[in-house]
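Q: pasting the sequence and the predicted coordinates here, then a few questions.
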Amino acid sequence: MTDGRPLGADEATFIAVVRSGDPARFALITERHRRELQVHCYRILANYEDAQDMTQETFLRAWNKRESFKGHAALRTWLYRIATNVCLDFLEKRNDRTPVTAELPGAGSEVLYLQPYPDRMLPEDPQEAVVARETIELAFIVAVQHLPPRQRAVFILRDVLGWPASKAADALELTVASVTSALQRARVTMRERLPDRRLDWRSPATHELSNDERGVVRSYMDAHERNDLDGLMSLLRDDLRFAMLPERGTSTTTAKDAVDGWVTGGLFQRGHDDWRGIATTVNRMPAAVLYLRTPDHPEYRLFAIAVLHVVDGKIAELTGFDATDKPWLGLPPTL
């Protein structure tokens, strides 16, 4: 018994593992939480590789602090608390060297360290991990980055994970009043950054792509494969917002100007580029993986991944990422 309540099975098992001092058993019982903790770190950090590293650091810190676990909170809660503070410690260092500048589709400013999150690495049990579509979409992730780190942590613990104020305050070593104030300020910022999105992130959300989204991805890839610039232009809204990370700069532009700019920039050589595409999803959003074959190379080589926000059958936001040298995306390097 702890604090008048019986220990849960996980907590009792974990305490026994701590007492045994067996690192293999410790890893076995904590490993089941890896994916949800990694998503949690990604929401805070917006970078897949950093989230991987900080999840590993969470397990290392948990091992070093294992004797402090007394079963007063659920094991999952204890691990989330450690992961949150690991990320905050990391942000103190990263924010000194990585500025947030310019603009990014759907969220108002560019985050140069943003990386896509492969859907295959999301937790298998969405309810357990509290993974809703809106809280992994790029616009949401970018908007969160504009909160100060501690405010960001409060917002995620309270409004995404649904923790009560007292629990969040304890995790962050703050007063309940401080947590309440931080959450109010965070909600104001999020409403400003995501004015057209619903703000109840804890309610259930569909994880299935719509027919519109599937159709647009197929048409987007088909236009590339046929070098059909007019067809590509027809898929884009006239108020398209486009960014290609990690390059600086995002534009709101007409469809024609966007395509003309891509041609001028060498992305399309009219009638000569040889493209192939694979439909996928990242960040619970429709995406097209593009492969390019050049005259001096016999294979289609991985080029980029285009993450699309589709509104009424057209592409309203297009965020492109260099897909090379990112094995964690799980994409074949050539076709």
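A: Cool, got the structure. Numbers count the residues shown, from 1 in each chain.

Q: contact partners for residue 81?
A: Contact partners of residue 81, counting by C-beta atoms under 8 Å, 6 or more residues apart in numbering, are 73, 170-171. Where C-beta positions appear, they are placed from N, C-alpha and C, glycine not excepted.

Q: which ones among those are found in helices?
A: 170-171 (DSSP state H).

Q: which parts of the protein are helices?
A: 9-20, 23-31, 34-45, 48-64, 75-94, 126-129, 138-144, 149-155, 165-172, 176-193, 211-225, 229-235, 255-264.

Q: residues contacting residue 179?
A: 154, 158, 165, 168-169, 172.

Q: neighbours of residue 260, just the number please.
A: For residue 260, the number of neighbouring residues by other C-beta atoms under 10 Å comes to 15.

Q: against residue 138, how distant is it?
A: Applying C-beta to C-beta, to the nearest Å, the value for residue 260 to residue 138 is 25 Å.

Q: could you measure residue 293 against residue 300, distance?
A: 5 Å.

Q: residues that sit against both of those two, list them.
A: Joint contacts of residue 293 and residue 300 (C-beta under 8 Å, 6+ apart) are 274-276.

Q: ok, of these, which come out buried?
A: residue 275 (16 or more other C-beta atoms under 10 Å).

Q: rank the shared contacts of residue 293 and residue 300 by pLDDT and give me only the lowest.
A: pLDDT is lowest at residue 274 among the shared contacts of residue 293 and residue 300; the value there is 89.

Q: excluding residues flanking it in the chain, which one is nearest it?
A: residue 293 (4.2 Å; C-beta to C-beta, 6 or more residues apart in numbering).

Q: what about the one you found, how many residues nearby?
A: 17.

Q: residue contacts, it?
A: 274-276, 299-301.

Q: now, which of those sits nearest residue 41?
A: Using C-beta to C-beta, residue 301 comes nearest to residue 41 of those, at 30.9 Å.

Q: which residues does that closest one bridge with?
A: On the basis of DSSP bridges, residue 301 is bridged to residue 292, residue 334.

Q: is it correct that it is in contact with residue 325?
A: No: assessed by C-beta atoms under 8 Å, residue 301 is found out of contact with residue 325, at 11.9 Å.
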